[in-house]
Each structure stands twice: as C-alpha cells, then as structure tokens.
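1. sequence-free structure coming up:
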Ligand code: HEC
C-alpha cells in the first residue's frame, strides 16, 4: 500500500522553471538586465545562445543569429508578449516598459 512514497520525478525541471517564473516578483524589476536574468536567462542563457537546460528542453534558438538581429523590435516585443510554441507569453507578467527594456538589453547583448 505504501509503495509510492517517492513519486516519479519526470517533469520536475519543468515544474521548477514554472515555479521560478510564477514566484519572482515581476513588478519590482526595472532594468532590462534584471528582467532578462529573472525571466529569460534560464532558457535563453546569459549569452543568448539558449544553451541551458531550459533552452535545450524547449528548443529555444539562439537570439544572436542574423535572422533574429534583423527582426524589428516590434516583432520581438510581440513574441515576448504573446509567446510562440514553447516560448511563454509575458504580456500578463511584465509591463510594456519592462518588455521594451528587456528587448533593448537583448539588442545590447547581440552586439557583443
Ligand atoms: C521556458 C523557456 C523560455 C523562457 C523563460 C523565455 N523564452 Fe524566449 N523563447 C523560447 C523558445 C523555445 C523560443 C523559440 C520559439 C519558436 O520559434 O519556436 C523563444 C523565442 C524567443 C524570441 C523570438 C526569437 C525569434 O526567432 O523571433 C524572443 C524575442 C524571445 N524568445 C524573448 C524572450 C524574452 C524577452 C524572455 C524573457 C522575458 C524569454 N524569451 C523567455 C523559450 C523561452
């Protein structure tokens, strides 16, 4: 009867990411760098390459490719707000100002 004391941990990582996303205070962060580190880096990586456990799990492409660099800010802002495939939607979690500043931060990283 008491055999399943330790349930299967499949998906524990996904839950960890989801918990991190939902518990971080979104309104307290102001700078694009802070927003990126708190909300984006676990998938997209500090270097935009997406070479993180979250990035590999969700198939996040690098954000520093010529294809992404030539997309407009409006396009990237729309993807951040609305999500795309496994990319979560942030419209309800971040203000427009936070999204604009996090895209500006990604632009700065793309130039590195
Ligand atoms: C849970 C993992 C995850 C998190 C967290 C995440 N992303 Fe993504 N992101 C993805 C994936 C996966 C894609 C690729 C979507 C596709 O095209 O299939 C993506 C794509 C994008 C794109 C589109 C790139 C293109 O090709 O047009 C932008 C811009 C982006 N993410 C910005 C952000 C920003 C900004 C944040 C933080 C506010 C963030 N992402 C957080 C997984 C994530």
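-> Structure's in. What do you need? Small disclaimer: the values here were computed from a predicted structure and weren't measured.
2. Return the helix or strand in this structure with minimum mean pLDDT.
-> When the helices and strands of the chain are scored by mean pLDDT, DSSP states H and E, helix 12-23 comes last with a mean of 56.
3. ok, residues contacting the helix or strand following that helix?
-> Scanning forward in sequence from helix 12-23 by DSSP states H and E, the next helix or strand is helix 32-35. Applying CB atoms under 8 Å, 6 or more residues apart in numbering, the contact partners of helix 32-35 are 29, 94, 98, 99, 101, 102, 103, 104, 105, 106, 108. All C-beta atoms are positioned from the backbone trio N, CA, C, and that covers glycine.
4. what mean pLDDT does helix 32-35 have?
-> Per-region confidence: helix 32-35 scores 96 on mean pLDDT.
5. buried ones in that helix?
-> Neighbour counts over helix 32-35 (16 or more other CB atoms under 10 Å) mark 32, 33, 35 as buried.
6. can you tell me which residue is nearest the centre of the protein?
-> Nearest to the mean C-alpha position of the chain, by CA atoms, centre = their mean, lies residue 40 at 2.7 Å.
7. Near the ligand, which residues of the protein are found?
-> Residues of the chain found near the ligand (CB under 6 Å from any ligand atom) are 17, 39-40, 42-44, 54, 58-61, 63, 68, 71, 76, 79-80, 84-88, 90, 102.
8. list the helices and strands the longest helix seen in the chain packs on?
-> Longest helix in the chain by number of residues (criterion: DSSP state H): helix 96-110. Applying 3 or more CB pairs under 8 Å, 6 or more residues apart in numbering; DSSP states H and E, we find helix 96-110 packed against helix 32-35, helix 73-82.
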